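# Here is my input; please provide its structure:
(4 chains)
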Number of protein chains: 2
Amino acid sequence: MERLKILVVDDESRMRKLVRDFLVKQDFEVIEAEDGEDALNKFYAQKDIALIILDVMMPKINGWDVCKEIRETSKVPIIMLTAKGEESDELQGFNIGADEYISKPFSPKILVARVEAILRRAGKKDEEVLEIGGIKIDRLGHQVLVDEKEVELSYKEFELLTYFIENKGIALSREKILNHVWNYDYFGDARTIDTHVKKLRSKLGQKGEYIKTIWGMGYKFEVE
Amino acid sequence: MERLKILVVDDESRMRKLVRDFLVKQDFEVIEAEDGEDALNKFYAQKDIALIILDVMMPKINGWDVCKEIRETSKVPIIMLTAKGEESDELQGFNIGADEYISKPFSPKILVARVEAILRRAGKKDEEVLEIGGIKIDRLGHQVLVDEKEVELSYKEFELLTYFIENKGIALSREKILNHVWNYDYFGDARTIDTHVKKLRSKLGQKGEYIKTIWGMGYKFEVE
DNA sequence: GTCCCCGTTTCACAAAGTTGTCATATTTAT
DNA sequence: ATAAATATGACAACTTTGTGAAACGGGGAC
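The predicted structure is shown next:
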């Protein structure tokens, strides 16, 4: 297996070196960029970057803008490094589509753990068939089998179920679901999700119960 | 890990120097500000400040107002330095969202100890799984296991338990709990916490006893 | 172009679950 | 014993979620 490329963007070289050292130890290939402009150039030049780690505070173009710009054309996973307290885009009132936020200061151990979790999930996107608890998703055939019997799902239902299963065991906020299943620039009502969940649950029959409601939070797919 | 930045705000340069010297000795990076205005400017310019030490008595903008202002946008930990008798503001229930109060005169050793305790706690916010005494908190799954069996908690209960465990072994006043689990701008009755503690204890069964009452003070989570 | 079909979204109301408060009981410190 | 603080149970107000129906909207048939 070829080493995966990670783009690390931070204006402080000390910080880049720190992050790089840990990632290299985990056998990733690291590419560094020292500001937003540099980051965009390197990202577009190197088409096979698997993940971006992006500091928020940078001269010229800041991290939020780099993220937004990249999201225009790519769904590459992005981890934002934020200062304490400004971690969430919700707090800023606008959503820019990062996948994770890690607040400084952080331990390198945490960073590496998150990177691996994200890549593991992202890796699922390459698998042709996902299977869990008697539900089989065939991406190529765009088909879902429940206990070997086909269940007809609409496009959105299929995407939603796939997203749930790619992230099984993880509580997903409506915000996050909208970002991934709909799109980073979708501005509709989050309650739309409820309707799709309802239909999914009913089409999955008994197994619809795997989609759990997390009250005050969102949903989670979990097989017992 | 990169050195953490601490913003020290006091109008007396002697005091700043004193505090700075001790913090630098502990390998923190120190940024100084000599009044409230200066403090706000430097805080907003340097986005990765990990903690603020803030004198109350200062010209132009005083410490209380700086704290309130910062709390509008950030959850960065704040330690207030108060002269004898000034804490009354805090005691009178005028709540501005500081994390700690240290009254002058204080020993630098105490200050450093508090700083490190706060930062240690803040670091826990990035850990995905917390585990202690047979209680496991899975943040990603938004799920709590007691002796490997799931216990269903409401949103607030989950937050409260998480806060207790992030601060295990530390006595927490109701004031403090309200500030962190509810919000800095919550003005309800502190007795509300009692009700939530009651429910938490009962849902945790035997292990509910880990939540100890500290008479006249608040609560503390402690495993024997 | 118009009509129709069907997936998607919105909406309004019902249902379910949560949270804060209050009165009362109990415990604790002195 | 007494006063003060905490525990508890019940409940009302409030939020969030579920649901069915209606509105919307794009693409194909005609």
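
# List the contacts of A:Val24.
A:Val30 (C-beta atoms under 8 Å, 6 or more residues apart in numbering or on different chains). Where C-beta positions appear, they are placed from N, C-alpha and C, glycine not excepted.

# any idea how far the closest residue to A:Val129 other than its chain neighbours lies from DNA strand C?
Leaving aside its sequence neighbours, A:Val129 sits nearest to A:Asp138 (C-beta to C-beta, 6 or more residues apart in numbering or on different chains; 5.5 Å). Computed as C-beta to the nearest atom of the strand, to the nearest Å, the A:Asp138 to DNA strand C distance reads 18 Å.

# looking at it, A:Asp138 is touching A:Glu150, isn't it?
No. Assessed by C-beta atoms under 8 Å, A:Asp138 is found out of contact with A:Glu150, at 9.7 Å.

# Which neighbours do these two have in common?
A:Val144.

# helix or strand right after whichever strand or helix holds A:Arg16?
If you go by DSSP states H and E, A:Arg16 is part of helix A:13-25. Downstream of helix A:13-25, the next assigned helix or strand under DSSP H and E is strand A:29-33.

# Just the pLDDT for the residue nearest to A:Leu161 when sequence neighbours are not counted.
Computed as C-beta to C-beta, 6+ apart, the closest residue to A:Leu161 that is not its neighbour in sequence is A:Leu200, at 5.9 Å. Predicted confidence (pLDDT) for A:Leu200: 97.

# likewise A:Lys207?
As predicted, A:Lys207 sits at a pLDDT of 96.

# Is it correct that it falls within a helix?
Yes. The assignment for A:Lys207 (DSSP: H, G, I helix; E, B strand; the rest coil) places it in a helix.

# Distance check, it against B:His142.
21 Å (C-beta to C-beta, to the nearest Å).

# Looking at these two, which has the bigger crowd around it?
Neighbours around A:Lys207 and B:His142, counted as other C-beta atoms under 10 Å in any protein chain shown, are more numerous at B:His142. The numbers are 22 against 18.

# residue contacts, the more buried one?
Contact partners of B:His142, counting by C-beta under 8 Å, 6+ apart, are A:171, A:214, A:217, A:220, B:158.

# Greatest separation within those: which pair is it?
Pairwise distances across the contacts of B:His142 (C-beta to C-beta) peak at 13.0 Å, for the pair A:Lys220 and B:Phe158.

# In PyMOL, how would I select just the buried ones from the contacts of B:His142?
In PyMOL syntax, the buried subset of the contacts of B:His142 is picked out as below (16 or more other C-beta atoms under 10 Å in any protein chain shown):
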select buried, (chain A and resi 171+214+220) or (chain B and resi 158)
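
# among the contacts of B:His142, which are within reach of DNA strand D?
The subset of the contacts of B:His142 within reach of DNA strand D, by C-beta under 7 Å from any atom of the strand, is A:214, A:217.

# ends of stretch A:54-63, how far apart?
Length of stretch A:54-63, first residue to last, C-alpha to C-alpha, to the nearest Å: 6 Å.

# buried ones in that stretch?
For stretch A:54-63, by 16+ other C-beta under 10 Å, it's A:54-58, A:61-63.

# A:Arg3: how many residues sit nearby?
Residues lying near A:Arg3 (other C-beta under 10 Å) number 12.

# What sits closest to it if chain neighbours are left out?
Setting aside the residues directly before and after it, A:Arg3 is nearest to A:Glu29 in space (C-beta to C-beta, 6+ apart), at 4.5 Å.

# so what pLDDT did the one you found get?
A:Glu29 carries a pLDDT value of 96.

# got a list of what it touches?
For A:Glu29, the contact set (C-beta under 8 Å, 6+ apart) comprises A:3-6.

# now swap in A:Val30 and tell me
Taking C-beta under 8 Å, 6+ apart as the criterion, A:Val30 is in contact with A:5-8, A:19-20, A:23-24.

# Selection in ChimeraX covering whichever of those are buried, please.
To isolate the buried ones among the contacts of A:Val30 in ChimeraX, judged by 16+ other C-beta under 10 Å, type:
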select /A:5,6,7,8,19,20,23
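
# Please state the offset of the longest helix along chain A from the chain centre?
If you go by DSSP state H, chain A has its longest helix at helix A:108-124. Its chain's C-alpha centre and that of helix A:108-124 lie 10 Å apart, by C-alpha atoms, centre = their mean, to the nearest Å.

# next one: stretch A:31-50
Taking mean C-alpha positions (C-alpha atoms, centre = their mean), stretch A:31-50 and its chain are 19 Å apart.
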